[in-house]
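Colleague: task: produce atomic coordinates for the following.
(chains A and B)
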Amino acid sequence: MSSAKDIEAFSLDALRAGDRAEFSRLVEATSAKTYRLAVKMLNDPQDAEDVLQETYLKAYRHLKDFDGRSSLSTWLYRIATNEALMQLRKRRPDIISIDEPVETTEGEKEPVQIIDWCCLPEDVLLSGETRARLDGAISHLPHNLRIVFLLRDIEDLSTHETAEVLNISEVAVKTRLSRARLRLREELSGYYSERLGGKIYESR
Amino acid sequence: MSHDENCRRLLDSLSGYVDGELSDELCVEIDRHLSTCENCCIVVDTLKKTIYLYHVTSASPEIPSEVRERLYQCLDLKNFMSKQQKT
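Modeller: Model (predicted):
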């Protein structure tokens, strides 16, 4: 989870044998990222903390069964992701499942705002208020798009790794990532157009 | 196909386009379209900027010290905690 390479330097034998010192090094190296993923996925610090704790409790319990087929970081992300999705389901039992296809949207027309806000200065693009809006925009995504966006663009996993974590195809990862990014761009366009003084050049 | 329909059709490829993972053929087609379509240029630029902003703002993940402390407590790893903070 830190950089994928660092984390693979852990001794799997020690971890599988339940070595507490090695496990605590693993926690130290990965917990900030796990926590961030949970916070952004759940948008609630208390729920995120529950997911964080549950992730490492499960990891410790199941490390002896870790077969090394996927990388250790992919394996940890999978546990954290499942915990986060489970937490979300607890909150809203009617949510769509991660397996539900979002690819069947031929002809679906999402809005496309044409506002060039790239010219805004960095301090506007990255103000404290803006950062809150960036997080807010993530939380407006449906869960199955949100998790793909977080793993690919926030955690920097590859398409292949993301597909492994979520147990979906690489094509599905790409489609969901595309949809998530376009929606986020859309939301940011709305927000930044206010910063531009509501000057909308054109819309279609 | 009208110009707008063409924009719509290419929209779903733009994410792959900015990641540089499209086929040469599709890439050329998009480049050609972008050279004549200011609107799609804006979409591509703001899409890239969107991704960039999320990258920049997620550079260093942090865990609040009290969250970290409770994590170590719940994992019964408190003995290892002070040692690691020094490093």
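Colleague: can you give me the helices for chain A?
Modeller: Remark: helices assigned in chain A by DSSP state H are A:4-7, A:12-16, A:20-42, A:45-62, A:72-91, A:122-125, A:128-139, A:143-149, A:159-166, A:170-195.
Colleague: which one of these lies nearest to B:Tyr52?
Modeller: helix A:122-125 (9.1 Å; C-beta to C-beta). C-betas here are computed from N, CA, C, even on glycine.
Colleague: could you single out the most deeply buried of the helices of chain A?
Modeller: helix A:143-149 (a mean of 23; mean count of other C-beta atoms under 10 Å in any protein chain shown).
Colleague: that older thread, how about the helices of chain A in JSON lines, adding mean pLDDT and distance to chain B?
Modeller: Output for those, formatted as JSON lines (pLDDT from 0 to 100; distance: least, C-beta to the nearest C-beta, whole Å):
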{"stretch": "helix A:4-7", "mean pLDDT": "56", "distance to chain B": "14"}
{"stretch": "helix A:12-16", "mean pLDDT": "92", "distance to chain B": "13"}
{"stretch": "helix A:20-42", "mean pLDDT": "95", "distance to chain B": "4"}
{"stretch": "helix A:45-62", "mean pLDDT": "97", "distance to chain B": "5"}
{"stretch": "helix A:72-91", "mean pLDDT": "94", "distance to chain B": "13"}
{"stretch": "helix A:122-125", "mean pLDDT": "88", "distance to chain B": "6"}
{"stretch": "helix A:128-139", "mean pLDDT": "92", "distance to chain B": "6"}
{"stretch": "helix A:143-149", "mean pLDDT": "97", "distance to chain B": "8"}
{"stretch": "helix A:159-166", "mean pLDDT": "97", "distance to chain B": "8"}
{"stretch": "helix A:170-195", "mean pLDDT": "95", "distance to chain B": "3"}
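Colleague: so which of the ones you listed comes closest to A:Ile115?
Modeller: Here helix A:170-195 is closest among those (C-beta to C-beta), at 4.6 Å.
Colleague: now do that closest one against helix A:128-139, angle only.
Modeller: Note on geometry: by axes from the mean of the first three to the mean of the last three C-alpha atoms, to 10 degrees, helix A:170-195 and helix A:128-139 are set 140 degrees apart in direction.
Colleague: so what's the closest residue in space to A:Ser70 that isn't next to it in sequence up against?
Modeller: Spatial nearest neighbour of A:Ser70, excluding adjacent residues (C-beta to C-beta, 6 or more residues apart in numbering or on different chains): A:Glu164 at 5.4 Å. Residues in contact with A:Glu164 (C-beta atoms under 8 Å, 6 or more residues apart in numbering or on different chains) are A:Ser70, A:Thr74, A:Arg78.
Colleague: does the last one touch A:Ile168 like I think?
Modeller: What that stands for is A:Arg78. No - look at A:Arg78 against A:Ile168 with C-beta atoms under 8 Å: they stay out of range, at 11.9 Å.
Colleague: anything in the helix ranked longest in chain B near chain A?
Modeller: Criterion DSSP H: the longest helix present in chain B is helix B:38-57. Yes - counting by C-beta under 8 Å from any C-beta of the partner chain, chain A has neighbours in helix B:38-57: B:39, B:42-43, B:45-47, B:49-51, B:53-57.
Colleague: whichever of these end up buried, select them in ChimeraX.
Modeller: Command for ChimeraX that selects the buried part of these, burial taken from 16 or more other C-beta atoms under 10 Å in any protein chain shown:
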select /B:39,42,43,45,46,47,49,50,51,53,54
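Colleague: out of the residues of helix B:38-57 next to chain A, flag the one nearest to A:Pro111.
Modeller: Distances from A:Pro111 to these, taken by C-beta to C-beta, are shortest for B:Val43, at 11.7 Å.
Colleague: OK, contacts around the closest one?
Modeller: A:Val112, A:Ile114, A:Arg185, B:Leu11, B:Leu14.
Colleague: pick out the most distant pair among those residues.
Modeller: Among the contacts of B:Val43, A:Ile114 and B:Leu14 lie farthest apart (C-beta to C-beta), at 13.3 Å.
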